[in-house]
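Colleague: model this:
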Amino acid sequence: MFAIAKTYALEQANNLMKHSMEDFFKYIHANFYPEQDISFMEYFLKLTENEGEFVVPHTKLIEYGIITSDRSSVILEKINTLGLENEVDYQVQDILQQLKSGTKYSKLYKFTPKAFKSSLMRARKYKDQPIDPIIYANYYLLLEKIFKLYNNIFF
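Modeller: Predicted coordinates:
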């Protein structure tokens, strides 16, 4: 597949066609690697605007299939397994909710984009896990391959 994608890129360069990196990536993906899941790409790109900030709630780890529980102990265990550091990679906020039956305390973990993405790429597949996290590492490998192709052809 890569050889065909490279041929396409060379044709584009020979015809003096200009493409943004994002458009080039999307085209190569759609035409040569359509089986690769990149449905999360827009969110990942948006996160680059907040590098170093604690903007990714722990619920995204559930949404992206890395953990299945919202319990603080489960989240903290995952954080420790991944070697993430408090106030560097994540922050913890105590949340107070007033319910009819009384007060409920919970914790909200917020990750930096780098820590979140690193967690996705380093996660293991467990039994009953809804998403195989290998898709995130494969996305970055494809991105790297296409980025290299783009730079070799257009620059």
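Colleague: list the buried residues for the lengthiest helix in the chain?
Modeller: In the chain, taking DSSP state H as the definition, the longest helix is helix 134-154. Residues of helix 134-154 classed as buried: 135, 136, 138, 139, 142, 143, 146, 149, 150, 153 (neighbour count, 16 or more other Cβ atoms under 10 Å). C-beta here means a position set from N, CA and C on the backbone, and glycine is covered the same way.
Colleague: distance between stretch 49-58 and the chain's centre?
Modeller: 12 Å (Cα atoms, centre = their mean, to the nearest Å).
Colleague: all further residue positions should be reported with the first residue as 13.
Modeller: That works, and once the first residue is 13, the last one we named lands at stretch 61-70.
Colleague: could you pull up the mean pLDDT of it?
Modeller: Here stretch 61-70 scores 96 as its mean pLDDT.
Colleague: now swap in stretch 77-94 and tell me
Modeller: Here the average pLDDT along stretch 77-94 is 90.
Colleague: what of stretch 38-48?
Modeller: Here the average pLDDT along stretch 38-48 is 91.
Colleague: helices along this structure, start to end?
Modeller: According to DSSP H, the helices that the chain contains are 14-26, 33-44, 53-59, 71-75, 84-93, 125-134, 146-166.
Colleague: and the fifth one, what does it pack against?
Modeller: Read that as helix 84-93. strand 114-123 (3 or more Cβ pairs under 8 Å, 6 or more residues apart in numbering; DSSP states H and E).
Colleague: perfect, I'm done here.
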